[in-house]
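J.: Sequence plus the predicted model coming up.
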Amino acid sequence: MNEDERQIFHLSLGIFLIAMVQLTGVELSAYIVSVSLIVGLVLVHIKLSYMRLGRPIEWLIERFERPGAVAGYGAMTFTAAVLCILTLLAHKEQILASLAILGIGDAASTIVGRRSKRKLSYNARKTAGGTFAFFLSSAPFAFFFAGPGALVVCAAAALAESAEAKIDDNLIIAVVCVVAFRLIGG
């Protein structure tokens, strides 16, 4: 598994989801993501039951799952985070901004953060470069979709992603986006 390839896949999924919401609408997108989550859970169950999933699915897991992780865990948390965004935010603009923050910001933070040297004082596993990359890469898209308030949401998500947590960062980012957008209204 190449972490850069994994993050480019993450970024591509984020862009795909933004396009899907634009083309099919929020409701149909939520249905599609819900079905994807259910199918994914079935596939994870099969994999954890030591059954073979078939060459293409096995290849995807080998290629994009982190070593030592439960097969499909990253995909499931990403899908759950997207579903959270699609169902708990009422405005399409906020949904699109949140998808950009999750899909673009999170991927950029890992790609840049792995190459940065300056560690954060509050989390030695994260870097200042990664946190800035999160904000700088997703802020223009968030602003485009949802206006100036989205910059506050983007900053909050970047800080939350950089914090030490035992919870998957996809879920943290989604919850921060939902709560922050709900607080600022719109």
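T.: Alright, I've got the coordinates.
J.: Neighbouring strands - and their directions - for the longest strand seen in the chain?
T.: Scanning the chain for the strand with the most residues, using DSSP state E, yields strand 123-127. Strand 123-127 sits in its sheet next to strand 119-120 (antiparallel), going by DSSP bridges.
J.: Run through who's touching the strand it pairs with.
T.: Arg125, Lys126, Thr127, Ala128, Thr131, Ser162 (Cβ atoms under 8 Å, 6 or more residues apart in numbering). All C-beta spots, glycine's among them, are computed from the backbone N, C-alpha and C.
J.: at 10 Å instead, please
T.: By Cβ atoms under 10 Å, 6 or more residues apart in numbering, the residues outside strand 119-120 that reach it are Gly113, Arg125, Lys126, Thr127, Ala128, Gly129, Gly130, Thr131, Leu159, Ser162, Ala163, Glu164.
J.: Just the CA atoms of the longest strand of the chain, as CSV, please.
T.: Taking C-alpha atoms only, strand 123-127 is exported to CSV below (Å, rounded to 0.1, in the frame of the first residue of the first chain):
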residue,chain,number,x,y,z
ASN,A,123,0.2,16.2,18.8
ALA,A,124,3.6,14.9,17.9
ARG,A,125,2.0,12.6,15.3
LYS,A,126,0.8,15.6,13.2
THR,A,127,2.7,18.4,11.6
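J.: Please compute how far it lies from its chain's middle.
T.: When C-alpha coordinates are averaged (Cα atoms, centre = their mean, to the nearest Å), strand 123-127 and its chain have centres 19 Å apart.
J.: residue ranges of the helices in the protein, please?
T.: All helices of the chain, identified by DSSP state H, fall at 3-24, 26-48, 55-64, 73-88, 92-100, 106-113, 128-146, 149-162, 169-184.
J.: Now do the first one against helix 169-184, angle only.
T.: Which is helix 3-24. 40 degrees (axes from the mean of the first three to the mean of the last three Cα atoms, to 10 degrees).
J.: which helices and strands sit right next to helix 3-24?
T.: helix 26-48, helix 55-64, helix 73-88, helix 92-100, helix 106-113, helix 128-146 (3 or more Cβ pairs under 10 Å, 6 or more residues apart in numbering; DSSP states H and E).
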